[in-house]
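Engineer: with the input below, show me the fold.
(chains A and B)
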Amino acid sequence: MLDIKLIRENREFVKNNLMKRGNPENSKMLDALVDLDREWRQNLTKLNDLRHERKIMTTEIATLKKAGKDAGSKVEKAKTLDSEITGIQAEVARAEEKTRDYLMRLPNLLHETVPVGKDENDNVQIRTCGVIPKFDFAAKNHLDLGLNLDIIDIERAGKVTGSRFFYLKREGVLLDMALMSFALEEITKKGYLPVEPPYLMRRQPYEGVTALGDFEDVLYKIENEDLYLIATSEHPMAAMFMNEVLKEEDLPLKLAGMSACFRKEAGAHGKDTRGMFRTHQFNKIEQFVFCKPEESWKLHEELLHNAEELVQKLGLPYRVVNVCTGDIGTVAAKKYDIEVWMPAQNAYREVVSCSNCTDYQARRLGIRYREKEGAPPKGFLHTLNSTAIATGRTIVAILENFQQEDGTIVVPKALRKYMHDIEKISLKR
RNA sequence: GCCGGGAUGGCAGAGUGGAUAACGCGCGGGCCUUGAGAGCCCGUGGACCUUCUGGUCCGCAUGGGUUCGAAUCCCAUUCCCGGCGCCA
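Structural biologist: Down below sits the predicted model:
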């Protein structure tokens, strides 16, 4: 959520920034918002005046009654004043609600270093790292590899849950768990606090952490309950301190979230349909940071660095891209993606997403900070989030990049200690 | 799930239908002091208007209602505490 005061005082600046996202709706909403806000303030002043009048009148009534005198005519007057107040009050409430609605729909302001562009093709590559593997045999895709090794079962998942789900078996399970343990250990070694959040959230906190439009497309809702399955542990971690004032000495507060993630992937029909690349459920270790505004850009780079280090330790070739204005999400001011080389797709594909959401989520959620106990709140925090490791896609990358001619998979050294020192995933006997 | 009790500022805690949300603690500023502390004084939730001096309204978990007037009475919801039930 943007600061309404900033919008009032720097309307053109905000407008120009929003325009970069390439959606003319934003500009229209901004204009409507400013008009509505002016109207709201005018009506609010009127309402306050009327309430003031009533206050005087009720005091007079109280005095009369105490003195044992008749207050009948005053009471009648107060009643008419009351109905007038009720009317304008409704007007103010409607404007307030609509204003908030617009504010909740407007996206975050973009950082000046975000490249202007239309879609993911305009994302700007920042660097590449690692060597793309050359196979002197017919390389297979992760699904064929996984089926041969009997570590993935997609067919039966189709029977039980429908498409985009999977059963992991044997070394597949070990690999998944090893990735989680590896990421969690590496990140917590750096001082991030491990957190296992609830996997379900109410709508109100959810509105604080994400764009309203995401509900239909990405979130699973529990029937007859005000609960949604989380799309990432970022969400319950962000909402964890809703309506709280954190102490400056506790900042930056760095969390390492561990959870399964559930996404409807509505509108992704036909994209990445086979295998484990795009699924309705996967596991993820997530980095999340609450910090003071002046620290957030430095920490954004730290999160990216941490995530890159993990990919490097796994030995996967990747590149980092600066996500452009047309592809960046609603809540982010700037976003880096780490894209790992996927041999079967002959392309770099996203496995990590690293965002600075500045004060956008914190303002929606009411998360502020104070300099010390007893001092008044100083302002809204900044929030940042970044994948550490998402297991589904990382498993895809490991299978495809480290496959051998005989269909076996060499396990990355960094993972072996988390999976019984298995060096190689071998064919089913 | 059922029964009972509760939710008031950063914290503790009064107020049970009629002006300013009492008294503390904490925090900020000032006086005093060589300095610190103690002591004393002032301030310490949000919004709107403003001639920059102030003014007004809102705020007692959340949302409704009753009333000329609600922290206070009624209803619903959420959370916390206790008891019962169920449960890996």
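Engineer: so which residue of chain A comes closest to RNA strand B?
Structural biologist: Minimum separation of chain A from RNA strand B (CB to the nearest atom of the strand) falls at residue A:374, amounting to 2.5 Å. Where C-beta positions appear, they are placed from N, C-alpha and C, glycine not excepted.
Engineer: is that residue within a helix or a strand, and which one?
Structural biologist: Assigned by DSSP states H and E, residue A:374 belongs to no helix or strand.
Engineer: backbone dihedrals for it, please?
Structural biologist: phi 90, psi -20 (degrees, to the nearest 10).
Engineer: tell me how far it lies from residue A:245.
Structural biologist: Residue A:374 is 11 Å from residue A:245, where distance means CB to CB, to the nearest Å.
Engineer: could I get the full set of strands for the stretch 251-400 of chain A?
Structural biologist: A:253-262, A:281-291, A:318-322, A:334-342, A:347-356, A:368-370, A:377-380, A:382-390 (DSSP state E, counting those that start in this stretch).
Engineer: again with the stretch 51-200 of chain A
Structural biologist: Taking DSSP E, counting those that start in this stretch, the strands of the stretch 51-200 of chain A run over residues A:124-129, A:152-153, A:167-168, A:193-195, A:200-201.
Engineer: with residue A:78 as the reference, name the closest of those.
Structural biologist: Nearest to residue A:78, of all the strands of the stretch 51-200 of chain A, is strand A:200-201, at 45.3 Å by CB to CB.
Engineer: which other helices and strands contact the helix or strand following that closest one?
Structural biologist: The first helix or strand that comes after strand A:200-201 along the chain, using DSSP H and E, is helix A:203-209. If you count contacts as 3 or more CB pairs under 8 Å, 6 or more residues apart in numbering; DSSP states H and E, helix A:203-209 packs onto helix A:234-239, helix A:360-365.
Engineer: C-alpha coordinates for the last one, PDB please?
Structural biologist: Taking C-alpha atoms only, helix A:360-365 is exported to PDB below (Å, rounded to 0.1, in the frame of the first residue of the first chain):
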ATOM      1  CA  TYR A 360       4.400  -1.800   0.800                       C
ATOM      2  CA  GLN A 361       3.500  -4.900   2.800                       C
ATOM      3  CA  ALA A 362       4.400  -3.400   6.200                       C
ATOM      4  CA  ARG A 363       1.900  -0.500   5.600                       C
ATOM      5  CA  ARG A 364      -0.900  -2.900   4.700                       C
ATOM      6  CA  LEU A 365      -0.100  -5.100   7.700                       C
END
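Engineer: could you list every helix and strand that it packs against?
Structural biologist: Secondary-structure packing of helix A:360-365 (3+ CB pairs under 8 Å, 6+ apart): helix A:203-209, helix A:234-239, strand A:382-390.
Engineer: near RNA strand B, which residues of the stretch 51-200 of chain A are found?
Structural biologist: A:51-52, A:54-55, A:57-59, A:61-62, A:65, A:75, A:78-79, A:82, A:93 (CB under 7 Å from any atom of the strand).
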